[in-house]
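Asker: Provide a 3D model corresponding to the input given below.
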Amino acid sequence: MSLKYQTPSGMHDLFEPDLEYFAKVEKICQSMADFYGFGKIQTPILEQTEIFEKGTGLSTDIVEKEMYSFRTKGGDALTLRPEYTPCIVRAYLQHGLVAWPKPVKLWYFGPCFRHERPQAGRLRQFHQFGFEFLGVPDSMVDALTIQIFYNILKGLGFRNLIIELNSIGCSQCRPYFKKMLNNYLRSRQSSLCADCKRRLKKNPLRVLDCKEEKCDRIKKSAPQIVDHLCKECHDHFKLLLEYLDELNLPYNLNPYLVRGLDYYTKTVFEIMEDTENGASQGSLAGGGRYDGLIKLLGGKDTPACGAAAGVERIINLLKPGKSLLPKNPEDSDSTAPIFLAQVGDLAKRKSLKLLEDLRLAKIKVGEGLHRDSLSSQMKLADKMRAKYVLILGQKEALDNEIIIREMKNGEQRNVSLDKVVQELKKRL
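Answerer: Numbering: from 1, shown residues only. Predicted coordinates:
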């Protein structure tokens, strides 16, 4: 049957089984943030469009093809957040975080929106978590950023992780390299894909980011930026490699890694997981330095470094083959040490008060208040592997008592309703 109203393409409803994975990812992020002293930030879903046009870059796929942008009735140009970093910088400037001790350390976890072709691991509404260091130029910050994401992914159960690493230079050395690269690519322009022919006119570095096979062959013979770094960028990158060696983090120097956003400078990285057959699952997390972004959005020249990861992509790899459909609670394998069964209207009313008493006592309890049959409630108690069942019938409700039944041996005794919580605490 075809339903008239459904979720928009590339946007999904999330139910408890999936949200449990979200909670697991966020819990590990929170523990990492607590250890390293990051404060959490949540920016509005809507931002001024210009923040992304200037910050992310006019020639990026995000700005050219993927943003959800519109004008309000008042004429403001707004965009649904496609990524966080420009939003973080806007908040840093707007709220005077410039005056805070450096580095300013912020982390986030929330939804983003991009209009791209929905496929496995790519949604139009998706979630990201990220960590940002603002205000410190030291390579150690780059190493810490990489270590944080590496440890989060390890904590989630990923193995065989490898860090893809490159330096894309700065405003001093990159223009010369871009000119060299442009000359090389123009001589082979006819062999590039349609997107790269267009990218070549605006930003030749973006060609190195292309995954098309025909472009891959060309870029393998292209000049490499690490051979043309200025002294400052060279020393910064060399020191980063020494830090990673000290941390025993596995990395691979990838001269073609540029990331797809214009604000990156110096360090860029992605973390991958290799499968048993040696094939990569694609990027799980990525980021790098963006030393020019704060100045570009109206602040002073300020170094910064950060990274982000897609939550849905990580979850899809954590639970291969598992259904995204909501689970019927009665088909779940949830457990509760106590089950509350009731029969009759008076018993049902008294059960509501008892449930609240058990909640305040922090005693987990299952219930079948929607059912009238005692036998069906007992079956549900058995399914939940309850240790004790509280049975409240019409007679017990009138006598202000309740039956405690031990499921293992069938033994049961009557207890005053006023003392049942105290009795359960003893037994548990």
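
Asker: And the next helix or strand past the helix or strand hosting Leu355?
Answerer: Here Leu355, judged by DSSP states H and E, is contained in helix 345-360. Of the helices and strands lying after helix 345-360 in sequence (DSSP H and E), the nearest is strand 365-367.

Asker: Remind me what that following strand packs against, helices and strands.
Answerer: The contact analysis (3 or more C-beta pairs under 8 Å, 6 or more residues apart in numbering; DSSP states H and E) places strand 365-367 against strand 338-342, helix 345-360. Placement of C-beta: from N, CA and C, glycine included.

Asker: Enumerate the positions of the helix ranked longest in the chain that are buried.
Answerer: Identified as the longest helix of the chain according to DSSP state H is helix 16-36. Neighbour counts over helix 16-36 (16 or more other C-beta atoms under 10 Å) mark 18, 21-22, 24-25, 28-29, 32-33 as buried.

Asker: tell me the average confidence for that helix?
Answerer: Across helix 16-36, pLDDT averages out at 92.

Asker: So what touches that helix?
Answerer: Here helix 16-36 makes contact (C-beta atoms under 8 Å, 6 or more residues apart in numbering) with 14, 38-40, 105, 107, 109, 127, 129, 131, 144, 148, 151-152, 155-156, 311, 314-315, 318-319, 322, 324, 326-327.

Asker: got the helices and strands packed on strand 365-367 as TSV, with mean neighbour count, mean pLDDT and distance to Ser283 columns?
Answerer: As requested, the helices and strands packed on strand 365-367 are exported to TSV (neighbours: other C-beta atoms under 10 Å; pLDDT from 0 to 100; distance: least, C-beta to C-beta, whole Å):
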stretch	mean neighbour count	mean pLDDT	distance to Ser283
strand 338-342	26	92	46
helix 345-360	15	87	43
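
Asker: Just send the ones you listed back as a markdown table, with distance to Tyr251 too.
Answerer: Output for the helices and strands packed on strand 365-367, formatted as a markdown table (distance: least, C-beta to C-beta, whole Å):
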| stretch | distance to Tyr251 |
| --- | --- |
| strand 338-342 | 52 |
| helix 345-360 | 50 |
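
Asker: Minimum distance to Leu390: which of these has it?
Answerer: Nearest to Leu390, of all the helices and strands packed on strand 365-367, is strand 338-342, at 4.8 Å by C-beta to C-beta.

Asker: Run the angle between that closest one and helix 345-360 for me.
Answerer: Between the axes of strand 338-342 and helix 345-360, defined by axes from the mean of the first three to the mean of the last three C-alpha atoms, to 10 degrees, the angle is 160 degrees.

Asker: Could you pull up the mean pLDDT of the host helix or strand of Gln422?
Answerer: Element membership of Gln422 [criterion: DSSP H and E] is helix 420-427. Taken as a whole, helix 420-427 has a mean pLDDT of 90.

Asker: hmm, back to that, tell me what the helix holding Leu355 is packed against?
Answerer: strand 338-342, strand 365-367, strand 388-392, helix 394-398, helix 420-427.

Asker: can I get the CA coordinates of it in CSV?
Answerer: In CSV, the C-alpha atoms belonging to helix 345-360 read as follows (Å, rounded to 0.1, in the frame of the first residue of the first chain):
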residue,chain,number,x,y,z
ASP,A,345,-9.9,-1.2,37.5
LEU,A,346,-9.0,-0.5,41.2
ALA,A,347,-5.8,-2.5,40.9
LYS,A,348,-4.9,-0.6,37.7
ARG,A,349,-5.3,2.7,39.5
LYS,A,350,-3.2,1.6,42.4
SER,A,351,-0.6,0.3,40.0
LEU,A,352,0.1,3.8,38.7
LYS,A,353,1.0,5.0,42.2
LEU,A,354,3.2,1.9,42.8
LEU,A,355,5.0,2.4,39.5
GLU,A,356,5.9,5.9,40.6
ASP,A,357,7.2,4.7,44.0
LEU,A,358,9.4,2.1,42.2
ARG,A,359,10.7,4.7,39.8
LEU,A,360,11.7,7.0,42.8
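
Asker: distance between it and the chain's centre?
Answerer: 39 Å (C-alpha atoms, centre = their mean, to the nearest Å).

Asker: Could you list the residues in contact with it?
Answerer: Helix 345-360 has contacts (C-beta under 8 Å, 6+ apart) with 338, 340, 342, 365, 367, 369, 390, 392-394, 396-398, 402, 417, 420-421, 424.

Asker: can we see that at 7 Å?
Answerer: If you take C-beta atoms under 7 Å, 6 or more residues apart in numbering as the criterion, helix 345-360 is touched by 338, 340, 342, 365, 367, 369, 392-394, 396-398, 417, 421.

Asker: Stretch 209-225 too?
Answerer: Identification of contacts with stretch 209-225 by C-beta under 7 Å, 6+ apart yields 167-169, 177, 180-181, 184, 188, 191-193, 195-196, 207-208, 255-256, 258, 260.

Asker: Buried residues of it, list them for me.
Answerer: For stretch 209-225, burial by neighbour count (16+ other C-beta under 10 Å) applies to 209-210, 215, 218-219, 222, 224-225.

Asker: Can you name the two of the residues you listed that sit furthest apart?
Answerer: Within those, Cys215 and Ile225 form the most distant pair, 17.0 Å apart (C-beta to C-beta).

Asker: Outline the domain layout of the protein.
Answerer: Following automatic domain parsing, the chain resolves into domains at 16-173+229-318, 329-427.

Asker: Please produce a markdown table containing these, extended by distance to Leu3.
Answerer: Shown next, in a markdown table, are the domains of the chain (distance: least, C-beta to C-beta, whole Å):
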| stretch | distance to Leu3 |
| --- | --- |
| domain 16-173+229-318 | 18 |
| domain 329-427 | 23 |
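
Asker: Least confident of those domains, on average?
Answerer: Sorting the domains of the chain by mean pLDDT places domain 329-427 lowest, at a mean of 87.

Asker: orientation of the helix holding Gln422 relative to strand 338-342 in degrees?
Answerer: Calculated by the same axes, to 10 degrees, helix 420-427 forms an angle of 150 degrees with strand 338-342.

Asker: Output helix 420-427 as PDB, restricted to C-alpha atoms.
Answerer: Output in PDB follows, covering the C-alpha atoms of helix 420-427 (Å, rounded to 0.1, in the frame of the first residue of the first chain):
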ATOM      1  CA  VAL A 420       6.500  -3.500  49.000                       C
ATOM      2  CA  VAL A 421       9.300  -1.100  47.900                       C
ATOM      3  CA  GLN A 422      11.300  -1.800  51.100                       C
ATOM      4  CA  GLU A 423      10.800  -5.500  50.700                       C
ATOM      5  CA  LEU A 424      12.000  -5.500  47.100                       C
ATOM      6  CA  LYS A 425      15.100  -3.500  48.000                       C
ATOM      7  CA  LYS A 426      16.000  -6.300  50.500                       C
ATOM      8  CA  ARG A 427      15.500  -9.000  47.900                       C
END
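
Asker: All set now, cheers.
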